[in-house]
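Undergrad: Below is the structure, and that's it, no one-letter string:
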C-alpha cells in the first residue's frame, strides 16, 4: 500500500518507515500537518499514520482536513498519551484505528491487516451493489402526474429530517421504492436500509425478527440473535405492510417510536436505538383503528408525514414512459436488441387497468422482452390479460387453464375491486397474511 507518515519525531518516522518498507509498502514522510496535507493533495495514499501531537498542532485538528482531501483514506492515529478518551475522540473524528506508543512491528502489521481486510470488504460491497444494479431495474421516479409529483415532493422534503413517514397506497404502487429513495436523500444514506415484512411471520417470530432474542428465550433459541432494529442502527427501518402488525407487538413498536428503546426477547435489560422509521400500508388504518385492530396512539405516531401514492390506473401519462424505461433495462440485462413496443402493444398497455400497479407492469415488460422475436415487443409477447383489455375477460371457468391460473386471476380481480388488502382477504375468505403470500407467489 501507499502509506503517509505524519509525525514530528524524525526517529520514529525513520524506524516506522523501515518496518513498513520491510513489509513491502511504499512510504512518504511529513513532519507536520501542513506538509502532510501538501503531500496528500498531490499523491494518492491508502493509509496515513497520524501523530496526535505535532508540535503546536493537534492531530485531531488535522484529521478532518486529511479526510476531506482523501475521503477513502484510512487514518491510523498514534500517540504516546493513550487514553480511552483520546481513542474515542479519534474514532469519532473518522480515524480507522488507534495505536498507542511504543508499538512493535507486529502490532503495526496487525493494524494494517485490518485496514486491508476493510478495503477488501468495501470493494466486495461495491461489486455486490453493481451486481444488484444489473439485475434490479433502477427506480424511475420521474412522473408527469400532478398527484404523484405532489407525493414525491412531500416525501423528499421530509427526507432530510428524522420524521416518521407513512406511505399509503395499493399493492405494487412503489411504496418500497419511494422508501429507499427517501433514505437515499436523508442524512442517514450511508447507514443501513433494513426492511421488515410485517405480514410474513407469526407474532412471535416477528418480534424476534424485529428485536432479536437471547439464548434460551424459547424452545429452539440456541444462541443470541440480533434483531433488525439493531442491524438498522443509525439508518432506516422500513416496516412494510405495517397495518398487518399483530396487536401484541404494537405497544413495543410504539415504545420504539416514542422512547427509542426496546428489549430483546428473553432479555430483561433495555437497549437504546437510533433508527428512522418509514412505514407502508395498503390498509385503511383509520378503519382499523375504529375496529380495534390497530392502536390509535401508534397510528398517530406513524402518521407524522402521510404520503398516499396513486395507483397506476390514475397515472395514464406515466404508463408508457415507465414501460419504456423497464424495456430498456431488461433488454440490456438479457443482451437482446429490443428497443420499442409495437403500436398494438402500446395501445394495450394504455387500456389495461393495472390492478397490480407498477409491479404488474414490470413483470409484463420483462416477459415481453424475453419473448420478443425481433426489436419490438408485440401484443402477443405480453401477458394475455393485457391484450384482452380488462381482467374480467382473460380466463373462463371450464377452459383449458390450471387451477393456479384461475386462482391468480380471481385474486387479481378481487384486488382490483376492493380498496384494501383486508377487504380483499375477507371477500376471498382467507386471512391477510395468506393473501400476502399468494400475491407474492403470483407476482400480483
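TA: Done, it's in. The structure displayed is predicted, hence computed values, not measured ones.
Undergrad: Could you report the neighbour count for the nearest residue to residue 54 once chain neighbours are set aside?
TA: Ranked by Cβ to Cβ, 6 or more residues apart in numbering and with sequence neighbours excluded, the top spatial neighbour of residue 54 is residue 8, at 5.0 Å. From N, CA and C alone the C-beta is placed, and that goes for glycine too. A count of neighbours around residue 8, defined by other Cβ atoms under 10 Å, yields 17.
Undergrad: surely residue 8 meets residue 31?
TA: Yes - assessed by Cβ atoms under 8 Å, residue 8 is found in contact with residue 31 at 5.3 Å.
Undergrad: Report the set of residues contacting both of those two.
TA: Residues touching both residue 8 and residue 31 (Cβ atoms under 8 Å, 6 or more residues apart in numbering): residue 54.
Undergrad: tell me the secondary structure for residue 430?
TA: coil (DSSP: H, G, I helix; E, B strand; the rest coil).
Undergrad: residue contacts, it?
TA: Residue 430 sits in contact with residue 438, where contact means Cβ under 8 Å, 6+ apart.
Undergrad: 7 Å - rerun?
TA: Contacts for residue 430 (Cβ atoms under 7 Å, 6 or more residues apart in numbering) come out as none.
Undergrad: Please report phi then psi for it.
TA: Backbone torsions for residue 430, taken as degrees, to the nearest 10, come to phi -130, psi 170.
Undergrad: how much space between it and residue 253?
TA: 25 Å (Cβ to Cβ, to the nearest Å).
Undergrad: now residue 98: how far from residue 312?
TA: 53 Å.
Undergrad: who has more neighbours, the two?
TA: Each of residue 98 and residue 312 has its neighbours counted (other Cβ under 10 Å); residue 312 has more, 26 against 19.
Undergrad: The more buried one and residue 357 touch, don't they?
TA: Yes - assessed by Cβ atoms under 7 Å, residue 312 is found in contact with residue 357 at 4.5 Å.
Undergrad: quick one: average confidence on stretch 77-91?
TA: Mean pLDDT, stretch 77-91: 75.
Undergrad: An error on my part: the question was meant for stretch 333-345.
TA: Averaged across stretch 333-345, the pLDDT comes to 93.
Undergrad: Between the two ends of stretch 344-357, how far is it?
TA: Stretch 344-357 has an end-to-end distance of 20 Å (Cα to Cα, to the nearest Å).
Undergrad: what does it contact?
TA: By Cβ under 7 Å, 6+ apart, the residues outside stretch 344-357 that reach it are 170-173, 311-313, 316, 319-320, 323, 341, 360-361, 377-379, 382, 386-387, 389-391, 412, 415-416, 444.
Undergrad: Just the buried positions in it, please.
TA: For stretch 344-357, a neighbour-count test (16 or more other Cβ atoms under 10 Å) marks 345, 346, 348, 349, 352, 353, 354, 355, 356, 357 as buried.
Undergrad: Name the helix or strand for the second one, please.
TA: Here residue 346 sits within helix 343-351, counting by DSSP states H and E.
Undergrad: any idea which helix or strand comes after that helix?
TA: helix 357-371.
Undergrad: Quick check: buried residues in that next one?
TA: Using 16+ other Cβ under 10 Å as the test for burial, helix 357-371 gives 357-369.
Undergrad: Same check on stretch 85-102?
TA: Result for stretch 85-102 [16+ other Cβ under 10 Å]: buried residues 86, 87, 89, 90, 93, 94, 95, 96, 97, 98, 99.
Undergrad: now stretch 337-346
TA: Within stretch 337-346, the residues that count as buried by 16+ other Cβ under 10 Å are 338, 341, 342, 345, 346.
Undergrad: quick one: which of those residues is nearest residue 286?
TA: Set against residue 286, the nearest of these by Cβ to Cβ is residue 346 (38.9 Å).
Undergrad: any idea how far the closest one is from residue 402?
TA: Relative to residue 402, residue 346 is positioned 30 Å away (Cβ to Cβ).
Undergrad: Next one: the nearest residue to residue 211 once chain neighbours are set aside, what pLDDT does it get?
TA: In space, residue 211 comes closest to residue 227 once its chain neighbours are excluded; the distance is 4.2 Å by Cβ to Cβ, 6+ apart. The model reports residue 227 with a pLDDT of 90.
Undergrad: Then residue 393?
TA: What the model reports as pLDDT for residue 393 is 44.
Undergrad: Make 45 the first number, not 1, from now on.
TA: New numbering, starting at 45: the last item is residue 437.
Undergrad: Would you check that residue 98 makes contact with residue 79?
TA: No - at 9.6 Å, residue 98 does not count as touching residue 79 under the criterion of Cβ under 7 Å.
Undergrad: Between the two, which has more neighbouring residues?
TA: Set residue 98 next to residue 79 and count neighbours by other Cβ under 10 Å: residue 98 wins out with 22 against 15.
Undergrad: How is this protein divided into domains?
TA: 46-172, 190-354, 358-486 (automatic domain parsing).
Undergrad: Find the residue ranges of this protein scoring beneath the pLDDT cut-off.
TA: Within the chain, the segments meeting pLDDT under 70 span 126-128, 170-171, 173-184, 432-440, 443, 460-461, 463, 487-488.
Undergrad: With residue 272 as the reference, measure out to the spatially most central residue of it.
TA: The C-alpha lying nearest the average C-alpha coordinate of the chain belongs to residue 237 (Cα atoms, centre = their mean; 3.4 Å). To residue 272, residue 237 is 11 Å away according to Cβ to Cβ.
Undergrad: roughly how far is stretch 343-361 from the heart of the chain?
TA: 20 Å (Cα atoms, centre = their mean, to the nearest Å).
Undergrad: Would you mind measuring the gap between the ends of it?
TA: 33 Å.
Undergrad: cool, and stretch 172-185?
TA: OK, stretch 172-185 end separation, Cα to Cα: 23 Å.
Undergrad: what does stretch 417-425 give?
TA: 9 Å.
Undergrad: Just the residues contacting that stretch, thanks.
TA: 371, 381-386, 388-389, 392, 412-413, 415-416, 431.
Undergrad: Tell me the one of these nearest residue 150?
TA: Nearest to residue 150, judged by Cβ to Cβ, of these is residue 413 at 56.9 Å.
Undergrad: Leaving out the residues flanking it, which one is nearest to that closest one?
TA: Per Cβ to Cβ, 6+ apart, closest to residue 413 is residue 374, 4.1 Å.
Undergrad: Could you report the neighbour count for that neighbour?
TA: Residue 374 has 20 nearby residues by other Cβ under 10 Å.
Undergrad: The buried residues of helix 401-415 into JSON lines, with extra columns for distance to residue 467?
TA: Shown next, in JSON lines, are the buried residues of helix 401-415 (distance: Cβ to Cβ, whole Å):
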{"residue": "401", "distance to residue 467": "17"}
{"residue": "402", "distance to residue 467": "21"}
{"residue": "403", "distance to residue 467": "20"}
{"residue": "404", "distance to residue 467": "19"}
{"residue": "405", "distance to residue 467": "23"}
{"residue": "406", "distance to residue 467": "25"}
{"residue": "407", "distance to residue 467": "24"}
{"residue": "408", "distance to residue 467": "25"}
{"residue": "409", "distance to residue 467": "29"}
{"residue": "410", "distance to residue 467": "29"}
{"residue": "411", "distance to residue 467": "29"}
{"residue": "412", "distance to residue 467": "32"}
{"residue": "413", "distance to residue 467": "35"}
